[in-house]
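Participant: A predicted structure for the sequence below; I have some questions about it.
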Amino acid sequence: MSRITDDPEHSPRDCATKHRHHHSAGRRRLLIGALSAAASLLALAIILWLTLRPSSPRFTLLAATVTAPNATSGGIVRLDAAFVAHNPNARAAALYDRLQARASYVGVQLAAAAPLPPFQQPQGDAVLTASLSSSSAVAPAAETAEAGRTTLLLRLRVEGQLRWKVSAWVSGSRALAAECVAVVVPSQLTAVVVQGSQCATTLQ
């Protein structure tokens with residue numbers, strides 16, 4: 001025979017209600033704990049980034065040699081360039097990917113046959129080299145039209161992706177562009193030497 005009691009703390013209905021409340025409270029505690037952990041990790045990441053926020057790299061064109069087509073027969077314009085990538089950050093290494101070089105000389109567009117190899121750069125300087133050429137033979141007129149000038153301009157642009165690495169943490173990719181403009185002093189009819197030039201670097 002079942003026993004019926006009027007004690008509210010031992011009634012079946014109240015026991016079921018207490019069980020549901022206990023279960024809901026447990027789920028709320030788990031949810032609050034998960035949100036707190038996520039907020040702590042986000043705050044730590046923000047503090048780390050603000051503390052170690054890397055400065056933008058700087059590029060400098062060291063030198064370049066342009067081999068122009070013959071003044072009478074024309075031909076391919078070739079450019080061999082060397083430039084420095086400077087990472088000013090002591091705690092963040094720079095990761096460069098898909099760097100592509102292109103240039104413009106006396107109105108002729110030059111491009112590299114392949115992207116520069118990816119590399120990681122700690123604090124300091126890294127020397128990069130690139131060989132570029134026109135996509136087809138250039139007519140003699142393209143060179144002789146500028147032959148009367150004592151100085152010419154060379155525009156060299158390097159584009160690619162940049163990531164920062166701090167210990168084991170690696171940031172997302174950002175678009176990198178370095179624009180170099182240099183004054184070219186002709187030394188011969190078919191070759192010119194470019195002196196060093198600071199480049200404008202932008203990140204997006």
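Facilitator: Right, received. Where do you want to start? Every value quoted in this text rests on a predicted model; they were computed, and no experiment measured them.
Participant: partners of the helix or strand where Val158 lies in the sheet?
Facilitator: Under the assignment given by DSSP states H and E, the secondary-structure element containing Val158 is strand 152-166. Partner strands for strand 152-166, per DSSP bridges, with pairing direction: strand 93-105 (antiparallel), strand 169-170 (antiparallel), strand 174-186 (antiparallel).
Participant: and among the ones you listed, the most buried is which?
Facilitator: Each of the strands paired with strand 152-166 was given a mean neighbour count from mean count of other Cβ atoms under 10 Å, and the largest, a mean of 19, is that of strand 93-105. Backbone N, C-alpha and C define where each C-beta goes, glycine included.
Participant: from the middle of its chain, how far away would that one be?
Facilitator: Between the centre of strand 93-105 and the centre of its host chain there is 9 Å, according to Cα atoms, centre = their mean, to the nearest Å.
Participant: List the contacts of Ala130.
Facilitator: Ala130 makes contact with 80-81, 83, 101, 112, 116, 158 under the criterion Cβ atoms under 8 Å, 6 or more residues apart in numbering.
Participant: do that again at 6 Å, thanks
Facilitator: For Ala130, the contacting residues are 81, 101, 112, by Cβ atoms under 6 Å, 6 or more residues apart in numbering.
Participant: which residues does Ser136 contact?
Facilitator: Remark: with contacts taken as Cβ under 6 Å, 6+ apart, Ser136 is in contact with nothing.
Participant: list the contacts for the residue nearest to Leu162 when sequence neighbours are not counted?
Facilitator: Among residues not flanking Leu162 along the chain, Leu176 sits closest, at 4.2 Å (Cβ to Cβ, 6 or more residues apart in numbering). By Cβ under 6 Å, 6+ apart, the contact set of Leu176 is 160, 162, 203.
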